[in-house]
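1. Got a sequence here, can you build the structure:
(chains A, B, C, D, E, F, G and H)
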Amino acid sequence: MARTLSLIVLMLVLWLVMSGHGELWLLALGGASAVLVAWIARRLDSVDHEGHPLHLTWRGLGYWPWLAVEIVKANLDVARTILAGPDAVTPAVFTVKASQSDDLGRTIYANSITLTPGTVTMGVDDDGTLTIHALNAGAREGLETGDMDRRVRTLMGEA
Amino acid sequence: MDHTTLMFAAAAFALLVAMVMALVRALMGPTVYDRILAVNAFGTKTLLMIAVVGFLTERPEFLDIALVYALINFIGTVAVTKFVRYRSLGFPVGDNAEGEL
Amino acid sequence: MSPSTLMILALLLPLLAVGPIVLAGRYPNLREAVSLGTGGLLIAVVLGLLSHLADGIVPALELGQMLPGLALRLELEPLGMLFALVAAGLWPVTILYAIGYMRGHHEKNQTRFYAFFAVAISAAMGVALSGNMLTLFVFYEVLTICTFPLVTHAGTPEAKKAGRTYLGILIGTSILLQLLAIIATWSLAGTLDFAPGGILAGKVSGPLVGVLFALYVFGIGKAALMPFHRWLPAAMVAPTPVSALLHAVAVVKAGVFTVLKVTVYIFGIDLLAENAAADWLVWAAGFTIIAASVVALSKDNLKARLAYSTISQLSYVLLGAAILAPLSLMGAAIHIAAHALGKITLFFAAGAVMVASHKTEISQMAGIGRKMPWTMGAFAIGALSMIGLPPTAGFVSKWYVLSGALQSQQMVAVAVITLSTLLNAAYFLPILHSAFFGRAADDDHHHHGHGEAPLPSVLALCLTAAGTIALFVLPDQVLTLAGALLGGNP
Amino acid sequence: MSLILDTLSWALILGGSGFVLIGTLGLLRLPDVFTRLHGAGMTDTMGAGLLVLGMLLQSPDWLVAVKLVLIVVFLAFTSPMTSHALARAAILDGIKPWLRDSGKGGAQ
Amino acid sequence: MEVPGLFNYWMAIVLMMAGLYTVIARGNLVKKLIGLGVFQISVFVLYITMGKIKDGTAPILPASGSAEGVVFSNPLPHVLILTAIVVGIATTALGLALVVRIHEAFGTIEEDDIQAIEESEA
Amino acid sequence: MIELLDIVILGMMVVAALAVLWLRDLFAVAMLSGAYSLMGATLYVLLDAVDVAFTEAAVGAGIATVLMLGTLTLVPRQEKPGKKPSLAGLFTVAATGSLLIWATLDMPEYGDPDAPIHHHVAPRYMKDSAAEVGPPNVVTSVLASYRGYDTLGETTVIFTAAIGVMALLARGRRRKP
Amino acid sequence: MSGPLEHLPALAVVIPLMTAPVIVALRRPWAGWLLATLVSWASLAMSLLLLQQVLETGPFSYLMGGWAAPWGIEYRVDQLDAFVLVIVSAIASVVSVYARKSVEAEIEPDRQYLFYAMFVLCLCGLLGMAITGDAFNLFVFLEISSLSTYVLVGMGRDRRALTASLRYLILGTVGATFYVIGIGLAYMMTGTLNMADLAQRLPAMAHTSTVRAALAFLVVGIGLKMAAFPLHAWLPNAYTHAPSAAAALLAGTATKVSVYVFLRIVLGVFGATGLLTALPVTQVLMVLALAAMFICSAVAIWQPDLKRALAYSSVAQIGYILLGVALLSETGLAAGIVHLFNHAVMKSALFLALGAVALRVGSTRIDAMRGIGRKMPMTMAAVLVAGLSLIGVPLTVGFVSKWTLVEAALDDGMWPVAVLILASSLLAVAYVWRIVEAAWMAQPGPELAHVREAPTAMLLSIWVLAGASVWFGIDATRTLGVARLAAQTLLQGVAP
Amino acid sequence: MKEKPILRVGTKFLIPFILMFALYVQFHGDFGPGGGFQAGVIFASAFVLYAIVFGIANARRALPAGIRRLLLSLGVLIYAGTGVLALVEGGRFLDYSALAAQPVLGQHLGIFLVEFGVGMTVFAAMTTIFFVFASRDPSAREQD
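-> Coordinates of the predicted model:
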């Protein structure tokens, strides 16, 4: 129920920032829409800890900026590789272990890996093994340090 | 042309070049996945282009369109990958005695 | 009863008979009684009309507009009266004959036969009473279509083929040529009402008149002018009463009647004469007369010979019209009646021979006159009428046509009539000779012992033979009517 | 203030354009679909991000700004999903990644 | 940079003809429908080009400030094309449904194969 | 700049259209037709037709492509090779095309503010719709009010298409064997 | 007229439109049938009222949404509109009565309600096309009717119905798109979409190549929709394989309304430009019409399937109508317009009757129908009557059309054309007589042993139309009178 | 379900936003690009996404055929009904000015209603079309 309520509030906020119109009529519509969306989302089983990860809000504040910096670094790296030409690439496929306990955590981890250029998660196994394709073999070491894995676990509140 | 316009013009030009290059990849293939990737990248560039054009024409309030592009691009790509992988968009349908009619 | 009511009755009576005929289908006697009774009533109605006409009344009646400005209209005039008399008079006779023939021949679908026959008579009445060309055309087409099931009565492939020819020529010519001519007339004259002296006078001139006239004459396929005569011999597959209907009662008569109507009331003989629009018809009709006679001469099948004879005889009427002389027109009108009576006798006789002896070929008929004296006697009278010898009706009509031709110096026509008379004699007299004086072939053991045909048939053919003679003896009524066609002074 | 903003947006937009171009170049030049994915991903993240940031600085009112942010967030969110889905589909379809040492796989 | 006065129209025509040719000349039914889509979209381009006024802007009145002196492009073609797009997708959907059924019924979606099957039946 | 964009996008559209014609992999063709709509939509934005662009993106690039894919799951993905170019088709296309090109010769030029269509019916929409109808988006005013009846028809069309697809393709209630 | 009747023009279209969703929501076949029937009859009543009103007061208009004409969408009702409305709704009314049995037999139960929804939508589209005064609104309703038609055709039992439907869809869409191009070009030069307004503004632009090309595109586009020869390729299969009720509805109405559109656009809108005479429009039209009459009639003779033969005959009959139009005279136009009605009546009667045969025999191939006249006498008698009408025998509507058409040709002194018109009707004799011979002049084979007469409701519908084709053939003053008025109104705007 | 957590989690997260965006587009057609039609498509696209990721069976359970059919009909009826309402109130068909005391208010209300109807029908139509296609059995292709 708390998730539903928070979803309604979130939707209403979204409405307000997109709309920019303060008339009562539109606000009422926004409220009704938010409720409708919440209802449909529940019907679609979308309002659970995966679909509406309310609990990650605060800890995320620390994770996302870190990730952004990582992304910038990786981008520069990849840009250099591309400019150097096809000969410079040394693709590699390898696996890393995701130590998060549930799918949400693994998803965040896998997506973070993909989001940083140079590495793409190609598969997630049931036991949390991620198959990674990397543009440069060097990316492997970076991941195997487990820095990101740890941070995601922190985000999930597991460590 | 004042310099802000010029700035957006430069961005638009870059995006245009990028779009052409993406289109070339889409035409060249060689695998299906190359095409999907290219069309997806093309879509991303298009949505950026819409945003830039909004600023270029000094009517930037139509960014809703760009959002729709992003959305459609995403759904399209998901549908495509699902399709090439499973050759189906949803079948089997499960035991639904009701049918559509 | 008022003339209008009588005209409506004349149209409706046969139609009204259809219902009872169909309902009485299971009881042949009742069915035929209905037909005969209606026939009697119809004769009474037509005679009633005749008396009105004699009183100088010209009954006319508008049935309602079909197209804007163009009504379905009935109007009685002498020529129509003549045709109505012929058709109405011969209907019960034909029914009488058919009672004997159809039962004797064990024909199937007799109810259908009687029903459509009645419809055909109604259509013939319509043709006779039409007050304008549109109405006439309507009934003309109805007549074509309702006789189709009669022609194909047998349902054999041969009958089907004949039906196709029948319909193809009659519908084809009427739609392609006649309808075109009618619409052109409407377009040019702005009316289609029959009027003495013609409605086209002053509206058209020059070769267009000739073209239009040709469209009419060829378009009226029922007049069987060559080359549109093929349907008539083809239709010989039908039962004999149907042949009677075609050749005598309604169909071909409707054709030549229409030609006369068109000549007199649409064009007017003056217009035709001025533009020399009918000269070609003298040649065409003359050719048809001679050619059909020659073909008839070559036919061994009796009905086929009679059919070609009809083609030839019809062209007399056309010739009479084409000469454009009042006398020959009168002759043409009389010939409608004369030929009707004569030809129906001949067909009745041929059918009677077929029913009684199952013979269809002339060469088989040697000596038959002795077995069927009444039948062959009547046949002889009919044949004389065809040749144009007294004391038969054929003589009267031929005489008038010939006089007209002489009067207007149409020597071609004179020559044709003379030659054709010889040819007619050449193809009829041998039949009579062998029938009465020939010896039956020996191998004819299969059918020997037959006598006359069933009584109703014999009765019918004797009646018509008598009529042929009566028309010669007492032609006044007919002459009056035919004379009235031209304004009252023959 | 305006000058600083403008200079900053210039820098951001040029940078974004640069990344977009480089990423697309990668899409063209890299040897197989998996490596190209990295190039495309670059456009989605850095390219789009910088460009939007540049525009953000120029946006006339906060409505536009909000939508720009929404765009970039949406892209950041969906881009890895599509990349992953694509890569996964390709690998399951039997396409072997091009590897330098084996010299096999890649574009067929 | 000047666009020649009729350039847009000409390009739209070229596009239309490419689409139309796909419809006429291609035997594959899906291809035909896609060609039809291309054809229609090109017609839309023609219409939209029609409504454009140079230096004009989208026909949406600004939320604040006056519209004085602002040139707006013609909204009517836009309205028409909105309708036409919907019609286009409706047609495409129906066409594809038919193609699916045809494939199930004939086992092929190539026009000449289907024709051969139909002729062998008739 | 806008003009350059216009030209290049139209050029790309031509390339995509020809590729649609050329390629035999229907899957690629479907993708390209999606990209084609996307380009079209971009062009509409350049030509100030934002509503149309919005719709084209959602429909042409989105739903149409997904439906195309849905069809391709059910039918073969390759076009049969060996179809000869159609002379009749070429002729038709050439004739139609030349007619259209000829038609353009008397047209008002691109963006000409003096063209008749900007002076007859449309000005009233721009001038009075705010007072008469209300919405700042004139396209909405025209769509929903001035020509609201067209839109009712449009809704009916989509309704027809939906039940049409149902009638042709949907399976009925499953009955117990 | 005031009060609720004032809104008749809108209601005549909107009521069918609103019925369709109700049918879909209810989902019951019988409810669908009932509603479809009721609504068809209601439209007929409304159309008749409209016709009466237009005859009394002359053309009038109805402004949708209350917006004045060139800005909003206008419904403009003149004699021609009202006449076409009556034709469409009358045929639909009769077919709807017939449909119940036929649909039960041909469409699986789950889908029947969709059939009725489509039926009503098709009706709505056709009515909307006939009544609207806005060129683009016409396109929208054209698509409603087209889409529903594609589905109706595609619901046929034979698998060839699917290909027929798709072919129709492709050609129909190309046609509609051509129409849109044409309207766009005309719009470009005038700035308006209202037909009356267009007609007023086009003459000033008539010299431009754009307007001329617009005319060409409109002619070709509408030509495709109305299956004008040689653009008729979609029609024969579509009519042959569509479900019986749908085939009858389409044969009677779909191409007729397209012809109406042709008249409305080419004469009504472009008439005043003088382009019809400046360009060889009428000449080309005449040649094509004559070609259609002969070629398609001849093709019809050789068809083994009667539905197909009749479909080709329909193309030929469209030729008659166009010929009347090409004469560009009042009588010619009146002939064309009255033939819209006449052909609708007789062709629908024929398709309905063949539907009954299909129901009982399972085929409409001529060799399957030997001797059927004895088994289904009433049905086949109706075929005979309607067939005679097709030939143009007097006392049938076909005669009226033919008469007027030939009269028009002769009034213009076109003797050869008149001869050709009549000659082509002889071809009709051939294909009609094939049916008559097969049905009536053969003994039924053993495979017809169990065949019975058609159900009463079907017979009733068939005979209503067959009867109408005689009734209006005997008294054509009303139909022809209206047609003449419509032609006059239409010609008022046509420049000499 | 276990198979692809990335798409699953992402989709779940995204769907409310897509739906909300669609409703925003629906109700802000007056002010910017958008309106009932676009909103309907976007709203439908959320369900399409759901169907693709979670399987058509789940999607159909969440949005049963009956509801879709009802919405499909209701949308058209709302639109046409608005027109009829105007007619009852004394205006012409679809004359929204008759809907309220002030014409502009009436227009506003009318446009809102018809856009709502359009959105509803389009949403139902798009999902129906997609679901019907996706529910088709690909193996049915060999049957004759």
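2. residues in contact with residue A:54?
-> Going by CB atoms under 8 Å, 6 or more residues apart in numbering or on different chains, residue A:54 touches A:2, A:3, A:6. (Glycine included, C-beta is placed from N, CA and C.)
3. Show the buried residues in these.
-> When those are checked for burial by 16 or more other CB atoms under 10 Å in any protein chain shown, the buried set is residue A:3.
4. Just send the contacts of residue A:54 back as TSV, with secondary structure too.
-> Shown next, in TSV, are those (DSSP: H, G, I helix; E, B strand; the rest coil):
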residue	secondary structure
A:2	helix
A:3	helix
A:6	helix
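5. shaky segments in chain D?
-> D:1, D:101-108 (pLDDT under 70).
6. Up against chain H, what does it have?
-> Counting by CB under 8 Å from any CB of the partner chain, chain D comes close to chain H at D:74, D:77, D:78, D:80, D:81, D:84, D:85, D:88.
7. List the residues that contact the residue in chain D that chain C sits nearest to.
-> Per CB to the nearest CB, residue D:93 is where chain D lies closest to chain C, at 68.8 Å. Residues near residue D:93 by CB under 8 Å, 6+ apart: B:33, B:84, B:85.
8. try 7 Å this time
-> Applying CB atoms under 7 Å, 6 or more residues apart in numbering or on different chains to residue D:93 gives the contacts B:84, B:85.
9. near chain E at all, stretch G:55-73?
-> No. Judged by CB under 7 Å from any CB of the partner chain, stretch G:55-73 stays clear of chain E, getting no closer than 9.6 Å.
10. May I see the buried residues of that stretch?
-> Buried, per 16+ other CB under 10 Å, within stretch G:55-73: G:62, G:63, G:64, G:65, G:66, G:67, G:69, G:70, G:71, G:72, G:73.
11. Where does pLDDT dip in the chain?
-> No chain was given, so I picked chain A. A:159.
12. Correction: the question concerned chain C.
-> Short version for chain C, where the test is pLDDT under 70: C:440-450, C:485-490.
13. on that earlier part again, I'd like to know which of the buried residues of stretch G:55-73 are part of strands.
-> Mapping those onto strands (DSSP state E) picks out G:62, G:63.
14. out of the buried residues of stretch G:55-73, who's nearest residue B:43?
-> Distance to residue B:43, by CB to CB, is smallest for residue G:73 among the buried residues of stretch G:55-73, at 36.8 Å.
15. Report whether stretch A:123-142 contacts chain H.
-> Yes. Using CB under 7 Å from any CB, stretch A:123-142 reaches chain H at A:124, A:126.
16. which bits of chain E sit near chain B?
-> Going by CB under 7 Å from any CB, the residues of chain E near chain B are E:57, E:58.
17. now chain E, which segments are flagged as low pLDDT?
-> Ranges of chain E meeting pLDDT under 70: E:1-4, E:63-67, E:122.
18. Number of residues surrounding residue G:157?
-> 16 (other CB atoms under 10 Å in any protein chain shown).
19. Mind listing what's buried along the longest helix along chain D?
-> When chain D is parsed with DSSP state H, its longest helix is helix D:62-92. Buried residues in helix D:62-92, counted by 16+ other CB under 10 Å: D:63-72, D:74-91.
20. What of stretch G:204-223?
-> In stretch G:204-223, counting by 16+ other CB under 10 Å, buried: G:205-206, G:208-223.
21. Now residue A:101: which helix or strand?
-> Take DSSP states H and E as the rule and residue A:101 turns out to sit in neither a helix nor a strand.
22. Would you map the helices across chain A?
-> Under DSSP H, chain A gives helices at A:2-19, A:24-43, A:57-84, A:103-115, A:139-144, A:147-156.
23. What residues of whichever strand or helix holds residue D:24 count as buried?
-> Taking DSSP H and E as the criterion, residue D:24 maps to helix D:2-29. For helix D:2-29, a neighbour-count test (16+ other CB under 10 Å) marks D:6, D:9-10, D:12-17, D:19-29 as buried.
24. and the gap between the residue positioned nearest the centre of chain C and residue G:38?
-> The geometric centre of chain C, computed from its C-alpha atoms, lies nearest to residue C:253 (CA atoms, centre = their mean), at 2.7 Å. Separation of residue C:253 from residue G:38 (CB to CB, to the nearest Å): 55 Å.
25. where does chain H dip in pLDDT?
-> Within chain H, the ranges that satisfy pLDDT under 70 run H:1-3, H:139-144.
26. Need the single longest helix in it, by residues.
-> helix H:103-135.
27. so what's residue C:460 up against?
-> By CB under 7 Å, 6+ apart, residue C:460 lies in contact with C:93, C:96, C:97, C:348.
28. 10 Å - rerun?
-> C:90, C:92-101, C:241, C:244, C:344-345, C:348, C:351-352, C:378, C:453 (CB atoms under 10 Å, 6 or more residues apart in numbering or on different chains).
29. Could you report the neighbour count for residue A:75?
-> There are 24 residues near residue A:75, going by other CB under 10 Å.
30. ranges for the strands of the stretch 51-200 of chain G?
-> Applying DSSP state E, counting those that start in this stretch to the stretch 51-200 of chain G gives strands spanning G:60-63, G:74-77.
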